[in-house]
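J.: Task: produce atomic coordinates for the following.
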Amino acid sequence: MSTARARMTKNEILTALAGVLMQNPGASLEKLAEAVGTSRGTLYRMANSREELVDLLHTYITEVLKEVIEEANIEGDDFEQALFRLSKGFLLYPDLCQFSAADHYVSFRNVESCADNV
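T.: Coordinates of the predicted model:
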């Protein structure tokens, strides 16, 4: 194992996974590990299955975005400054924001198609 792999933190792996899943949503755990630059064993130590790994990613994204919103202090200063801080915070995590937005879009589309069948 390379030293670069050994230094990846759980959060770095999750952030990388968001980007990989945006490009290849159906990637197997093996392909995800390869694309992220880690081993399947590392991913299995994080979660017992691909589904659990995606759930872990969702939890991480929620935590990060909540922190960005809290740090933006949107209820404190004037609106323009709060919006600037919020945008700046989101720009620090482009893959997480894209994954979250795409995932919510897919979920919304699934709800819409279910409603059409009622």
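J.: which residues sit in contact with the residue positioned nearest the centre of the chain?
T.: The centre of the chain sits closest to Leu96, judged by C-alpha atoms, centre = their mean, with a distance of 3.8 Å. By C-beta atoms under 8 Å, 6 or more residues apart in numbering, the contact list for Leu96 reads 15, 18, 60-61, 64-65. In short, each C-beta sits where N, CA and C put it, glycine included.
J.: Would you mind identifying the next helix or strand past the lowest-mean-pLDDT helix or strand in the chain?
T.: Using mean pLDDT, DSSP states H and E, the weakest-scoring helix or strand in the chain turns out to be helix 3-7, at a mean of 54. Following helix 3-7 in sequence order, the next helix or strand is helix 10-23 (DSSP states H and E).
J.: tell me the mean pLDDT over that following helix?
T.: Across helix 10-23, pLDDT averages out at 93.
J.: Would you mind pulling up the elements that it packs against?
T.: helix 29-36, helix 40-46, helix 50-72, helix 94-116 (3 or more C-beta pairs under 8 Å, 6 or more residues apart in numbering; DSSP states H and E).
J.: what comes up buried for it?
T.: Buried residues in helix 10-23, counting neighbours by 16 or more other C-beta atoms under 10 Å, are found at 13-21.
J.: what's the burial count for Tyr93?
T.: 18 (other C-beta atoms under 10 Å).
J.: Which residue comes closest to it once chain neighbours are left out?
T.: Excluding its sequence neighbours, the residue lying closest to Tyr93 (C-beta to C-beta, 6 or more residues apart in numbering) is Val64, at 5.8 Å.
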